[in-house]
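K.L.:
All I have is the shape, not the residue letters:
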């Protein structure tokens, strides 16, 4: 079974926009729906905190503490597809930084549930 790490927008989750942290991402991961082509094991769920400076170190700590290197890192749908987009981070740029630092592919999004 593939192992994934999820990265969600902390501001979105904390603002009460219907994202409790995030049941839809976890459902899609468990059922192999949306951006998951099979059901996966979620090894960590990292919250990106504005303005995003500690994101890479928090991902690194989650991988270190879990003791499991993920097969992929997903930027959640609320993070990768937000409208308007994040005022602090460019998702394509941060995706490249994550892949470069951890050697793991980054997938933009998790689900298409409404």
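P.N.:
That came in fine, so what should we check first? These numbers come from a predicted model, not from an experiment.

K.L.:
Could you list the buried residues of stretch 41-51?
P.N.:
Neighbour counts over stretch 41-51 (16 or more other CB atoms under 10 Å) mark 42-48 as buried. Yep, even glycine has a C-beta here, placed from its N, CA and C like the rest.

K.L.:
all helices in this structure, in order from the N-terminus.
P.N.:
10-14, 23-31, 55-66, 77-80, 91-102 (DSSP state H).

K.L.:
And the lowest-mean-pLDDT helix or strand in the chain, what does it pack against?
P.N.:
One helix or strand of the chain scores below all others by mean pLDDT, DSSP states H and E: helix 10-14, with a mean of 82. Contacts defined by 3 or more CB pairs under 8 Å, 6 or more residues apart in numbering; DSSP states H and E place helix 10-14 against strand 41-48, helix 77-80.

K.L.:
got the contact list for the last one?
P.N.:
Think helix 77-80. 7-9, 12-13, 17, 19, 22, 24-25, 34-35, 48, 86, 91, 108-112 (CB atoms under 8 Å, 6 or more residues apart in numbering).
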